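> Compute the structure for the input listed below.
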Amino acid sequence: MEKENQKRNSSNQQISSSQAVGASRQQKNRGRYGRQVSRGSDRPVQTNQPNLALPANQPLMMTAYHSHGPKRIVLKQDAPKQSNPRSGGRGKRDRGRRGPLELVKSRHNISTRSDYVGAKVFSPQRAKLKMISLGGMGIMNKNLMVYEYEDPNLPDGGDIIIIDCGMGFPDAEMYGIDYLIPDVSYLKDRIKKIRGILITHGHEDHIGALPHILPELGMVPIFATKLTAGLIERKFSEYNLLRSFKVSVFEPEETLRLGVFRIEPFRMAHSVPQNVGYGIHTPYGLVLHVADFKIDLTPADNWATDTEKIKDLCNKAGGALLLGLDSTRIDEKGFSISSKDIDEGFNEAFSTAHGRIIIAAFSSQIARMQQIFEYAQKYGRKVAIAGRSMQNNVDVAFNMGFLKAPPDLIVNLRELNKYKDENLVIIGTGSQAQNRSALMRMSIGEHNQVELKTSDTVIVSASPIPGNEDSVYRMLDDLMRLGPRVIYNKIMQVHATGHGFYGEIEQIFNLVRPKYFAPIHGDFHHLVENRDMALKNGLRSDHIFLFEDGEVLEIDENGARMANYRVPVGSLMVDGLGVGDIGNIVLRDRQAMAQEGLFMVIVTVDRNTGNPLTSPDIISRGFVYMRESNELINGARNEVKKVLANFQQVWTPEWKKEIKEVLKEHIGDYLYKNTKRRPMVIPVVIEV
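Predicted coordinates for the structure are as follows:
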């Protein structure tokens, strides 16, 4: 070991005099590429990867952490007073165990050899950096962004990192669909390139697709902050995936190295704690990925947006090459209110409530729950949790120390009758009128434990997600019809959005002043307004890239441009346990049944002759009430008999298949002629 150190100390002189030694070390680098990090030496080194070299004054990175597998590495800076990161992985014995997540230390050594930094391990003249959205661009939710460095000189042809892996809400016409997930066909063809999935925060539109997509991609490492990792692992436990996948936990002060990418996270305020953005150092420059965020100077969870680190990242990199910036609330002028500003609204609602207080919020709004707990204590009320996802997230937050309350504050929802109404608070899901959520079931009188009373106060502590407005307001109407007092944001300040308004988005843009700009996260009109903001602030139009899912932004030594091709994208529909097995045909049938109803014709015929043995049976569902439509039903029976009579003359072994098609068309035309409606016609032919 001492001899090896002596060789390393004298390597600078040997490199300058021996090309053979340099070539040998270069070859070693290629073999270890993606797993080595070095601190730059005092001697200037010629290199094609300026963004991969560490500043001379940066503390040496000596410790690596990973979840499992040789390429899963988190590099810990030697920063003072920083607690060790913890890995969220749990083995078979630990399934269901409560308590802090465990750290897995890497078996891979981190190099301290300065010559590794100067080695040529890629050729920029032939390489491309790509930014590809597989979800979340042009249509809200279902967020999944891909950053790909494509270089034929690298192992596997390059490296890919993924940021977020979320679910989306189905459209109103998608009957029976629970939610949508991105189509990752593009990634499945490039599995060997994937170095990791980086998660910004724990909202469902950023983590909800993980249980479905990870099995498709193999043993891909996941990186997240502590609370986000806990929420992901709870989700994995529901799908029996804890033994297969683990989450590596990092602190925002740490640096991650995944292939050619060196990633520095930074704090961003949001409506869920421990949200981060990412500074991604690439061979072509610094890329900043800023997803959901707001600039909150007094956040309820004390997790403020770290503008100083963003500024420092840009300064050290000599400016930002590319900024991807959230567009969700760009159409709201000014600045959003602080999460602390809703204290006044909650205080008024609690002080004037005479009966139970029922609060609906997002299940991931941990800081909001803490505020509610504090007001419940102040006004002498107990708290019950309604909704499975809400209960799961509360358990995770309590176990990890993000929620704090006296042990006797939380009571069982099934034991509400033990307490007076004026001493109760119920927190539940349903702020977006989700089907089968707690508040939705209360609004239609179908909740097993909670029946609304006129003395109740219902608080909806959320704003409707774009596209959900109609459903939310219909639910509010149903609540009001039942008699309780209903409070929502337009009546009283009981919600603070987690997304920055125009002023905050503009502030981040001007802080970064990127060379290139790509609006992200939002419907298309949000992306357009974000583009206009950048134009207003002086960025050239040819340096702004407005693109949607499937389109590719490419960067090389000649600059940035939109590629002249697209990658496959789409949505897979999740219905119960089925993923992607519901296609357009099934969806169209569901739409037809929902809109026009079902009309079934059942015919029993002789197997040999095709002659009808009984009068046709008719079943109508969602089309007409049969007892009041005798004339129409009898007419349909007669039409069926006519069709059968005509077909008896040309009976063949293929008769059954042909007669079903003719019956479907003929009865469909008959029903439309008499009702101007087209129900789904299903002919059933029974051979005896």
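
> my read is F236 is in a strand, agree?
No: using DSSP: H, G, I helix; E, B strand; the rest coil, the assignment for F236 is helix, not a strand.

> burial of it, as a residue count?
24 (other C-beta atoms under 10 Å). Placement of C-beta: from N, CA and C, glycine included.

> So what sits opposite the residue nearest to C314 when sequence neighbours are not counted in the bridge?
Closest residue to C314 apart from its sequence neighbours, by C-beta to C-beta, 6 or more residues apart in numbering: A320 at 5.0 Å. For A320, the beta-bridge partners under DSSP bridges are L286.

> Relative to H526, how far out is A320?
Using C-beta to C-beta, to the nearest Å, one gets 21 Å for the distance from A320 to H526.

> Equivalent analysis for S431, please.
21 Å.

> neighbour count winner among those two?
Between S431 and H526, counted using other C-beta under 10 Å, S431 has the larger neighbour count: 28 against 22.

> can you pull the contacts of the closest residue to that one other than its chain neighbours?
In this structure, S431 finds its nearest non-sequential neighbour in A462, 3.5 Å apart by C-beta to C-beta, 6+ apart. For A462, the contact set (C-beta atoms under 8 Å, 6 or more residues apart in numbering) comprises A360, A361, F362, Q365, S431, Q432, N489, H495.

> let's see 6 Å
By C-beta atoms under 6 Å, 6 or more residues apart in numbering, A462 lies in contact with A361, F362, S431, H495.

> cool, and F524?
Here F524 is in contact with G138 (C-beta under 6 Å, 6+ apart).

> try 8 Å this time
With C-beta under 8 Å, 6+ apart, F524 has these contacts: G138, I139, E548.

> Let me know the closest of these to R481.
Proximity to R481 was ranked across the contacts of F524 by C-beta to C-beta; first place goes to I139, at 33.1 Å.

> Can you report how many residues neighbour I181?
24.

> And for S338?
Neighbour number of S338 under other C-beta under 10 Å is 17.

> wait, it sits on P299?
Yes: counting by C-beta atoms under 8 Å, S338 touches P299, with 6.9 Å between them.

> Would you mind giving me the confidence score for the nearest residue to V567 once chain neighbours are set aside?
Once flanking residues are discounted, V567 sits nearest to Y186: 4.4 Å by C-beta to C-beta, 6+ apart. Reading off the confidence values, Y186 has pLDDT 96.

> so Y186 is in which element?
Taking DSSP states H and E as the criterion, Y186 maps to helix 185-188.

> Beyond that helix, next helix or strand please.
That would be, after helix 185-188 and using DSSP H and E, strand 194-198.

> Flag every buried residue along whichever helix or strand comes after that next one.
Using DSSP H and E, the helix or strand that follows strand 194-198 in sequence is helix 204-207. Within helix 204-207, the residues that count as buried by 16 or more other C-beta atoms under 10 Å are E204, D205, H206, I207.

> Then stretch 631-642?
L632, I633, A636, E639, V640.

> So what touches it?
Contacts for stretch 631-642 (C-beta under 8 Å, 6+ apart): 599, 601, 603, 612, 615-616, 618, 620, 624, 626, 663, 666-667, 670-671, 674-675.

> Check the residues you listed for burial and list the buried ones.
The buried subset of the contacts of stretch 631-642 (16+ other C-beta under 10 Å) comprises 599, 601, 603, 612, 616, 618, 620, 624, 663, 666-667, 670-671.

> Dump those into a markdown table; add distance to G538 and secondary structure as well.
Formatted as a markdown table, those follow (distance: C-beta to C-beta, whole Å; DSSP: H, G, I helix; E, B strand; the rest coil):
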| residue | distance to G538 | secondary structure |
| --- | --- | --- |
| F599 | 63 | strand |
| V601 | 68 | strand |
| V603 | 74 | strand |
| P612 | 79 | strand |
| P616 | 74 | coil |
| I618 | 70 | strand |
| S620 | 65 | strand |
| V624 | 64 | coil |
| L663 | 68 | helix |
| H666 | 67 | helix |
| I667 | 66 | helix |
| Y670 | 67 | helix |
| L671 | 63 | helix |
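
> quick one: which of these is nearest to A384?
Closest to A384, out of all of the buried ones among the contacts of stretch 631-642 and judged by C-beta to C-beta, is S620, at 44.3 Å.

> For stretch 322-333, buried residues please.
In stretch 322-333, counting by 16+ other C-beta under 10 Å, buried: L322, L323, G324, L325, D326, S327, T328, R329, I330, E332.

> Just grab the bridge partners of the fifth one for me.
This means D326. According to DSSP bridges, beta-bridge pairing links D326 with I520.

> so it touches G498, yeah?
No: using C-beta under 8 Å, D326 makes no contact with G498, being 10.1 Å away.

> shared neighbours of those two, which are they?
Common neighbours of D326 and G498 (C-beta under 8 Å, 6+ apart) are D292, F293.

> mind listing what S443 touches?
If you count contacts by C-beta under 8 Å, 6+ apart, then S443 has G430, L452, M475, D478, L479, L482 around it.

> Ok, A353 next?
E422, T457, R485.

> one more time with 7 Å, if that's ok
Counting by C-beta atoms under 7 Å, 6 or more residues apart in numbering, A353 makes contact with T457.

> how about it, phi and psi?
phi -80, psi 130 (degrees, to the nearest 10).

> Give me the pLDDT for it.
pLDDT at A353 comes out at 96.

> Next one: it relative to H521, how far apart?
For A353 relative to H521 (C-beta to C-beta), the value is 36 Å.

> same deal with Q432?
18 Å.

> okay, these two: which has more neighbours?
Each of Q432 and H521 has its neighbours counted (other C-beta under 10 Å); H521 has more, 28 against 22.
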